[in-house]
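>>> Just the structure for this:
(chains A and B)
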2 protein chains.
Amino acid sequence: MSEHNQDKHKARQQKVKEQVDAKIEQAQQEKGILQVITGNGKGKSTSGFGTVARCVGHGMNAAVVQFIKGMWECGERNLLERAGVPFAVMKTGFTWETQNRETDTQAAQATWQQAKQWLQDDSIDLVLLDELTYMVSYDYLDLDEVITALENRPAMQSVIITGRGAHRRLTELADTVSEVRNVKHAFEAGIKAQKGFDF
Amino acid sequence: MSEHNQDKHKARQQKVKEQVDAKIEQAQQEKGILQVITGNGKGKSTSGFGTVARCVGHGMNAAVVQFIKGMWECGERNLLERAGVPFAVMKTGFTWETQNRETDTQAAQATWQQAKQWLQDDSIDLVLLDELTYMVSYDYLDLDEVITALENRPAMQSVIITGRGAHRRLTELADTVSEVRNVKHAFEAGIKAQKGFDF
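Numbers count the residues shown, from 1 in each chain, chains lettered A, B, ... in the order given. Predicted coordinates for the structure are as follows:
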């Protein structure tokens, strides 16, 4: 690259740096963050688990609540439980497997009791509420009760909620909301779910 | 719930189950999956790291290549390196920090050499190419060379590419593409990046 181009590159990057630094300067509030990861695309739960890995990698404390549990999502549980992360798992499987609204509701409620305890425990830095959105959509959990528990959690505790179709009151309450759009999915092209990747 | 409602619920869920089972039946091709996670929202890299955690939690082998590395993204590295995951990290930091196109390109090329080796190694089940998209956008890496390496990788190896603005040729080649849309972000509301959550 010519010296002239390098000068131009340097000047442009210097400007970016000033903008980034100014933004960082402005963001000084310290608090736990409520993140909602919703949408139809692949990667919502894994994103939550990646943040749990980040948290415990720092020697901080995370807890995981899994509201839908079939044959999926077990590899990360093996690793994270070995790293000391407690899991509460609603052991019912998908609603189309159980086909029983009453027992599903009971299971959701029992799992939610554990979630509520962690949402009151200021020794826990991060709580992942994996697939919580469906529990609200199906009316297995009371939305007001969920909102109240989130609002009253310890000030520095972060919470991640994943799942499709997050209720508007959850996204309104959240500090950070990401919508994972499905552009395309291997499964739709006839590729079987792969161990270590899809589950 | 009344018996009538439970019957209706059961019938509806039975129908869902049939649709899901039929889809699973159709998806029988076994191969490694190429996933691109792009878009401006938060959660792309953590999603990649969550899948790495899943993979190693099954006792399978994953490798991580990080193409942009500042003060960020270290908690997950601690945990995953302890779990035996090799990392190749481009040790330069953001382009607006280095402000030097020539040394950035050299660093990207050196990191890519390690990536290419892993993309030829069939003992590695999953390769995460974190933030690779920027290397292509900035022309630090040759897109044709990246595409060729992806096309020629072992048949059962999965690859995840993260970063904003994924090149169309990468998304075309991919089996699964998720676009993480930024709905809102705590940082924009003045909240400081939090350890164990943002880095």
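
>>> Run the contact check for the longest strand anywhere in chain A versus chain B.
In chain A, taking DSSP state E as the definition, the longest strand is strand A:176-184. Yes: for strand A:176-184, a contact with chain B is found by CB under 8 Å from any CB of the partner chain, at A:176-184. Every C-beta, even on glycine, is put in place using the N, C-alpha and C of the backbone.

>>> Out of those, which end up buried?
Neighbour counting by 16 or more other CB atoms under 10 Å in any protein chain shown classes A:176-184 among these as buried.

>>> Export those residues as CSV, with columns for pLDDT.
Formatted as CSV, these follow (pLDDT from 0 to 100):
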residue, pLDDT
A:Thr176, 97
A:Val177, 98
A:Ser178, 97
A:Glu179, 98
A:Val180, 98
A:Arg181, 97
A:Asn182, 96
A:Val183, 96
A:Lys184, 95
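
>>> Spell out which two among the residues you listed are the most distant pair, please.
Spatial extent of these (CB to CB) is set by the pair A:Thr176 and A:Lys184 at 25.4 Å.

>>> I'd like to know how far the residue nearest to A:Gln28 when sequence neighbours are not counted sits from A:Asp21.
Of all residues not flanking A:Gln28 in the chain, B:Lys192 sits nearest, at 5.6 Å (CB to CB, 6 or more residues apart in numbering or on different chains). Going from B:Lys192 to A:Asp21 by CB to CB, to the nearest Å gives 14 Å.

>>> Next one, pLDDT for A:Glu73 please.
For A:Glu73, the model assigns a pLDDT of 55.

>>> Likewise for A:Glu145?
pLDDT at A:Glu145 comes out at 98.

>>> Could you do A:Gln35 as well?
So A:Gln35 comes in at 98 (pLDDT).

>>> same check, this time on the one 3 residues further on
According to the model's per-residue confidence, A:Thr38 sits at a pLDDT of 98.

>>> immediately after the worst-scoring helix or strand of chain A on mean pLDDT, which helix or strand?
Least confident helix or strand of chain A, by mean pLDDT, DSSP states H and E, is helix A:95-98 with a mean of 72. Toward the C-terminus, helix A:95-98 is succeeded by helix A:101-118 as the next helix or strand (DSSP states H and E).

>>> Contacts for that next one next, please.
Helix A:101-118 has contacts (CB atoms under 8 Å, 6 or more residues apart in numbering or on different chains) with A:63, A:65-67, A:88-92, A:95, A:98, A:124, A:127, A:129, A:135, A:138, A:140-141, A:145-146, A:149, B:1, B:5-6, B:9.

>>> For A:Val159, pull up the helix or strand it's in.
Using DSSP H and E, A:Val159 maps to strand A:158-162.

>>> in its sheet, what does that strand sit against?
Using DSSP bridges, the strands paired with strand A:158-162 in its sheet are strand A:34-38 (parallel), strand A:126-130 (parallel).

>>> how about these in CSV, adding mean neighbour count and distance to B:Ser158?
Listed next are the strands paired with strand A:158-162 as CSV, based on neighbours: other CB atoms under 10 Å in any protein chain shown; distance: least, CB to CB, whole Å:
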stretch, mean neighbour count, distance to B:Ser158
strand A:34-38, 26, 21
strand A:126-130, 27, 21
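
>>> Make a markdown table out of those and add distance to B:Arg54.
Listed next are the strands paired with strand A:158-162 as a markdown table, based on distance: least, CB to CB, whole Å:
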| stretch | distance to B:Arg54 |
| --- | --- |
| strand A:34-38 | 16 |
| strand A:126-130 | 13 |
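
>>> sorry, back to before: cross the contacts of helix A:101-118 against helices and list the overlap.
Within the contacts of helix A:101-118, residues falling in helices by DSSP state H are A:95, A:98, A:135, A:145-146, A:149, B:5-6, B:9.

>>> Of those residues, select the buried ones using a ChimeraX command.
In ChimeraX, this line selects whichever of the ones in helices among the contacts of helix A:101-118 come out buried by 16+ other CB under 10 Å:
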select /A:95,98,135,146,149 /B:9
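
>>> Out of the strands paired with strand A:158-162, which is closest to A:Ala166?
strand A:34-38 (3.9 Å).

>>> related to what we said a few turns ago, tell me the buried residues in the helix or strand that the strand holding A:Val159 is followed by?
Using DSSP H and E, the next helix or strand after strand A:158-162 towards the C-terminus is helix A:168-173. Residues of helix A:168-173 classed as buried: A:170-171, A:173 (neighbour count, 16+ other CB under 10 Å).

>>> And for stretch A:151-169?
Neighbour-count burial for stretch A:151-169, with 16+ other CB under 10 Å as criterion, is recorded at A:153, A:157-164, A:166-167.

>>> Make TSV from those and add pLDDT to it.
Output for the buried residues of stretch A:151-169, formatted as TSV (pLDDT from 0 to 100):
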residue	pLDDT
A:Arg153	98
A:Gln157	98
A:Ser158	98
A:Val159	98
A:Ile160	98
A:Ile161	98
A:Thr162	98
A:Gly163	97
A:Arg164	97
A:Ala166	98
A:His167	98
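
>>> what two of these have the greatest distance between them?
Spatially, the most separated pair among the buried residues of stretch A:151-169 is A:Gln157 and A:Arg164, at 24.5 Å (CB to CB).

>>> just to revisit the earlier point, okay, the angle between the longest strand of chain A and strand A:34-38?
Interaxial angle, strand A:176-184 versus strand A:34-38 (axes from the mean of the first three to the mean of the last three CA atoms, to 10 degrees): 20 degrees.

>>> Could you export strand A:176-184 as CSV, keeping only the C-alpha atoms?
What follows is strand A:176-184 as a C-alpha-only set of coordinates in CSV (Å, rounded to 0.1, in the frame of the first residue of the first chain):
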residue,chain,number,x,y,z
THR,A,176,-31.0,-5.3,24.9
VAL,A,177,-33.2,-7.0,22.3
SER,A,178,-31.9,-9.0,19.4
GLU,A,179,-34.1,-10.6,16.8
VAL,A,180,-32.6,-13.6,15.1
ARG,A,181,-34.1,-13.8,11.7
ASN,A,182,-34.1,-17.1,9.8
VAL,A,183,-32.6,-16.5,6.4
LYS,A,184,-32.2,-20.2,5.6
